[in-house]
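S.K.: okay, sequence plus prediction incoming.
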Amino acid sequence: MLSTRRWDAIVAIVSIVVAMALLTAFRPEGAVRLTVGLASIVLLAVGYVAIGRAAVHPPRASWRFPVFLAVAALAVGVGTGAAPFLAILQTLAYPLAWVVGDSRRRGIGGSIVIAASVFAGAWLGNGGDAAAAVSGLATAVFSLAFSIAIGLWIAYIAEYGQERARLLAELQAAQTQVEALSRDRGAAQERERLARDIHDTLAQTLAGLVIFAERAGRQSRGGQTDAAAATISTVEQVARDALGEARALVARTAAVPSEPVFESAVQRLVERFRAHGPAQISLDAGAVAGRLDRETQVVVLRCLQEALSNAAKHAGAVRVSVRVEADTGGPVTLTVADDGRGFDPAAPAAGFGLDGMRERVALAGGALEVSSRPGRGTTVRVVLPGAAAPVAHDAAGGAA
């Protein structure tokens with residue numbers, strides 16, 4: 001819908017142009033008719049400014065439409081009667097009736113009133129005979145039909161625009177809600193990731209510190225000075241590792257060992273568990289034929305750490321076998337098998353370890369398989385998407 005200022009410009013321009021045409025090319029005979037014609041133009045313009053202008057946009061007072069319609073019909077009818085040329089004022093009166101009326105019913109009713117005023121003005125202004133009646137009726141009927149057709153079409157376009165605006169507002173509100181939910185989901189995922197990182201790094205390292213501290217205390221009380229000193233040295237090293245892991249978490253980076261060769265990182269992690277527990281751990285990492293990206297290294301190392309921790313703390317394993325395979329462009333596979341007490345994988349898990357491992361692997365697009373039976377040991381197999389380009393590397397492996 002046009003703004004009020006544009007309607008002001010339209011009314012002003014049409015009024016001035018019609019007045020100038022009446023004074024020049026379509027001047028009626030007699031000063032009275034000319035004066036009445038000019039007065040009708042002024043009446044329509046003043047009626048718009050004083051009454052109709054405030055009803056162009058809502059809120060609209062209910063009295064404005066009938067009063068403006070009466071003024072417009074009077075101006076058009078009297079003007080047409082004074083000078084047939086002023087029937088052109090209906091081109092301004094019709095759209096204003098639709099705009100001020102603001103409904104199909106009022107627009108059609110207002111158009112009928114304007115058409116009746118045009119007919120009355122044309123009939124009475126031209127002698128009131130049958131010929132004048134036929135001429136006036138033809139003008140009124142054709143202009144009325146055209147006005148109603150155009151009015152209904154414009155009303156449909158306006159309603160369509162309003163409906164689209166409503167749907168757009170609803171869409172924007174829905175998008176805002178989706179963004180809020182996405183932010184909440186992202187925050188929840190970040191909390192879950194942080195919980196996994198703390199469980200995989202700090203929690204396990206601190207648990208190890210408690211075990212070594214207890215061992216050092218027992219050794220000291222038993223007079224095993226050298227053994228206690230060695231254990232205290234291990235506590236110091238583990239504490240340094242915990243500090244590094246904490247700094248990595250603060251910096252929002254995974255606690256990945258710093259060696260540039262992936263096999264060395266795996267070997268370092270295995271050596272730590274060898275030193276911390278009684279289990280014999282064999283490692284085969286010589287089948288890594290490509291350099292892995294950092295995200296894949298993080299997943300493999302964290303899964304290896306969790307599997308070795310479970311074998312040491314829960315399974316009571318004596319022997320653990322670790323194998324890492326990564327073909328160029330192919331999948332990366334981690335297999336950790338132990339001879340511990342085993343468990344039922346279908347039973348509800350009491351801890352966070354396996355669930356956290358499974359979720360971490362799923363986020364990386366991989367798969368986690370856990371095979372175990374009570375008294376028959378456990379095998380954990382992790383398969384991740386392919387490795388990167390091939391690089392020369394040193395095979396790292398060993399057996400305890």
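M.R.: Great, that's in hand. Numbers count the residues shown, from 1 in each chain.
S.K.: got a list of what residue 336 touches?
M.R.: Residue 336 sits next to 304, 307, 308, 311, 320, 321, 322, 379, 380, 381 when contact means Cβ atoms under 8 Å, 6 or more residues apart in numbering. Where you see a C-beta, it was placed from the backbone N, CA and C, and this is true even at glycine.
S.K.: what about residue 325, how many neighbours?
M.R.: 18 (other Cβ atoms under 10 Å).
S.K.: excluding sequence neighbours, find me the nearest residue to residue 113.
M.R.: By the measure of Cβ to Cβ, 6 or more residues apart in numbering, the closest residue to residue 113 outside its immediate chain neighbours is residue 73, 5.1 Å from it.
S.K.: tell me which element the one you found is part of?
M.R.: Assigned by DSSP states H and E, residue 73 falls within helix 64-82.
S.K.: now do the helix or strand just after that helix: everything it contacts.
M.R.: Where DSSP H and E defines the elements, the next helix or strand beyond helix 64-82 is helix 90-101. Identification of contacts with helix 90-101 by Cβ under 8 Å, 6+ apart yields 1-2, 7, 10-11, 14-15, 44, 48, 52, 55-56, 60, 64-65, 68-69, 72-73, 75-76, 106-107, 109-111, 113-115, 118, 143, 147, 150-151, 154-155.
S.K.: about what we covered before: out of the contacts of residue 336, which are inside strands?
M.R.: Secondary structure assignment by DSSP state E places 320, 321, 322, 379, 380, 381 of the contacts of residue 336 in strands.
S.K.: out of the residues you listed, flag the one nearest to residue 285.
M.R.: The closest of those to residue 285 turns out to be residue 322 (Cβ to Cβ; 7.7 Å).
S.K.: rewinding a little: which of the contacts of helix 90-101 are buried, as a ChimeraX select command?
M.R.: Here the buried members of those are turned into a ChimeraX selection, burial being counted by 16 or more other Cβ atoms under 10 Å:
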select :7,11,14,15,44,48,52,55,56,64,65,68,69,72,73,75,76,106,107,109,110,111,113,114,115,118,143,147,151,155
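S.K.: so which of the contacts of helix 90-101 sit within helices?
M.R.: If you go by DSSP state H, those have 7, 10-11, 14-15, 44, 64-65, 68-69, 72-73, 75-76, 106-107, 109-111, 113-115, 118, 143, 147, 150-151, 154-155 in helices.
S.K.: and the pLDDT for residue 208?
M.R.: As predicted, residue 208 sits at a pLDDT of 78.
S.K.: for the one 4 residues further on, same thing?
M.R.: For residue 212, the pLDDT comes out at 82.
S.K.: residue contacts, the closest residue to residue 213 other than its chain neighbours?
M.R.: Residue nearest to residue 213 in three dimensions, not counting chain neighbours: residue 235, with 6.0 Å by Cβ to Cβ, 6+ apart. If a contact means Cβ under 8 Å, 6+ apart, then residue 235 has 209, 212, 213, 216 as its contacts.
S.K.: of those residues, buried ones?
M.R.: Applying 16+ other Cβ under 10 Å to the contacts of residue 235 flags 209, 212, 216 as buried.
S.K.: what's the closest non-adjacent residue to the first one?
M.R.: The shortest distance from residue 209 to any residue that is not its chain neighbour, by Cβ to Cβ, 6+ apart, is 5.5 Å, and that residue is residue 238.
S.K.: low-confidence stretches in the stretch 251-400 of the chain?
M.R.: 251-261, 276, 286-291, 328-329, 348-352, 386-400 (pLDDT under 70).
S.K.: could I get the full set of helices for it?
M.R.: Under the criterion DSSP state H, counting those that start in this stretch, helices of the stretch 251-400 of the chain are mapped to 262-276, 294-310, 353-363.
S.K.: and the first one, which residues are buried?
M.R.: The one in question is helix 262-276. 262, 263, 264, 265, 266, 267, 269, 270, 272, 273, 274, 276.
S.K.: now do it: distance to the chain's middle.
M.R.: Relative to its parent chain, helix 262-276 has a centroid offset of 44 Å by Cα atoms, centre = their mean, to the nearest Å.
S.K.: for it, packing partners?
M.R.: Contact analysis of helix 262-276 by 3 or more Cβ pairs under 8 Å, 6 or more residues apart in numbering; DSSP states H and E lists helix 204-221, helix 225-250, strand 280-288, helix 294-310, strand 319-326 as its packing neighbours.
S.K.: repeat that for 6 Å
M.R.: Helix 262-276 sits against strand 280-288, with contacts defined as 3 or more Cβ pairs under 6 Å, 6 or more residues apart in numbering; DSSP states H and E.
S.K.: and what of the shortest one?
M.R.: Here helix 353-363 is seen to pack against helix 294-310 when contacts are counted using 3+ Cβ pairs under 6 Å, 6+ apart.
S.K.: mind redoing it with 8 Å?
M.R.: By 3+ Cβ pairs under 8 Å, 6+ apart, helix 353-363 packs against helix 130-198, helix 294-310, strand 367-372, strand 378-384.
S.K.: now these in CSV, with distance to residue 284?
M.R.: As requested, those are exported to CSV (distance: least, Cβ to Cβ, whole Å):
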stretch, distance to residue 284
helix 130-198, 27
helix 294-310, 13
strand 367-372, 18
strand 378-384, 14
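S.K.: ok, the residue lying closest to residue 133 once chain neighbours are set aside - contacts?
M.R.: Spatial nearest neighbour of residue 133, excluding adjacent residues (Cβ to Cβ, 6+ apart): residue 123 at 5.0 Å. Contacts for residue 123 (Cβ under 8 Å, 6+ apart) come out as 132, 133, 135, 136, 137.
S.K.: tell me where the model's unsure across the stretch 51-200 of the chain.
M.R.: For the stretch 51-200 of the chain, the stretches with pLDDT under 70 are 186, 190, 193, 200.
S.K.: mind running it again at 90?
M.R.: Applying pLDDT under 90 to the stretch 51-200 of the chain picks out residues 52-62, 65, 77, 79-88, 90-107, 110-111, 118-200.
S.K.: mind listing residues that contact stretch 306-319?
M.R.: 200, 204, 207, 269-270, 273, 276-282, 320, 322, 334, 336, 338-343, 353-354, 356-357, 377-378, 380.
S.K.: would you write a ChimeraX line that selects the buried entries of the residues you listed?
M.R.: The buried subset of those, as determined by 16+ other Cβ under 10 Å, is captured in ChimeraX by this line:
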select :200,204,269,270,273,276,277,279,281,320,322,334,336,338,339,340,341,342,343,353,354,356,357,377,378,380
